[in-house]
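# Here you go, sequence then predicted model.
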Amino acid sequence: MERKAFLATAAGAAALGVAAAAAPAAARLDEASDRNIRFMIKIINAVIDDLGQDAHDYGGYRVRAIANLQAAVSNLNTGLRYEETHGAG
């Protein structure tokens with residue numbers, strides 16, 4: 001085998017090895033991201049519950065904040081569903 005061909009083959013094999021090693025690492029990162037999103041949804045829902053029990057209205061801003069937080073939870077859930085059907089991205 002010529003030196004150039006050998007080097008090209010060795011470089012290609014090394015690149016495949018790096019890509020193969022990166023795939024499980026990327027999957028672990030995706031799983032960690034999904035867990036983080038689910039955890040944040042729980043936290044936001046707890047904040048919504050707390051705000052819902054507050055006696056003060058603050059000129060309607062508390063109610064608006066609750067609506068915005070509910071929209072955030074909806075967006076995060078939509079993102080998780082998107083991820084499940086379309087994969088990483």
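In hand now; what should we look at?

# Now do the SS call for His56.
Three-state call for His56 (DSSP: H, G, I helix; E, B strand; the rest coil): coil.

# what about it, how many neighbours?
7 (other C-beta atoms under 10 Å). No exception for glycine: its C-beta is placed from N, CA and C like everyone else's.

# which residue packs closest to it, ignoring adjacent ones?
Arg62 (6.8 Å; C-beta to C-beta, 6 or more residues apart in numbering).

# Determine the three-state secondary structure at Leu69.
helix.

# So it is in contact with Ile44, correct?
Yes. Contact criterion C-beta atoms under 8 Å: Leu69 and Ile44 qualify, at 5.4 Å.

# Tell me which residues touch Asp57, please.
Listed by C-beta atoms under 8 Å, 6 or more residues apart in numbering, the contact set of Asp57 reads Val63.

# Would you mind naming the helix or strand containing the residue nearest to His56?
helix 61-86 (DSSP states H and E).

# so what secondary structure elements neighbour that helix?
helix 3-52 (3 or more C-beta pairs under 8 Å, 6 or more residues apart in numbering; DSSP states H and E).

# Not counting its neighbours along the chain, what's nearest Ala65?
Leu51 (6.3 Å).

# What count of nearby residues applies to the one you found?
Neighbours of Leu51 under the rule other C-beta under 10 Å: 14.

# Equivalent analysis for Ile44, please.
Neighbour number of Ile44 under other C-beta under 10 Å is 15.

# so it touches Ala71, yeah?
No. Using C-beta under 8 Å, Ile44 is not in contact with Ala71, being 10.2 Å away.

# Using PDB, list the CA coordinates for stretch 36-48.
Coordinates of each C-alpha in stretch 36-48 appear next as PDB, following Å, rounded to 0.1, in the frame of the first residue of the first chain:
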ATOM      1  CA  ASN A  36     -33.200  18.600  33.000                       C
ATOM      2  CA  ILE A  37     -36.200  19.800  31.000                       C
ATOM      3  CA  ARG A  38     -38.500  17.500  32.900                       C
ATOM      4  CA  PHE A  39     -37.000  18.700  36.200                       C
ATOM      5  CA  MET A  40     -37.500  22.300  35.200                       C
ATOM      6  CA  ILE A  41     -41.200  21.600  34.300                       C
ATOM      7  CA  LYS A  42     -41.700  20.300  37.900                       C
ATOM      8  CA  ILE A  43     -40.100  23.400  39.300                       C
ATOM      9  CA  ILE A  44     -42.100  25.700  37.100                       C
ATOM     10  CA  ASN A  45     -45.300  23.800  38.100                       C
ATOM     11  CA  ALA A  46     -44.400  24.300  41.800                       C
ATOM     12  CA  VAL A  47     -43.900  28.000  41.200                       C
ATOM     13  CA  ILE A  48     -47.300  28.200  39.400                       C
END
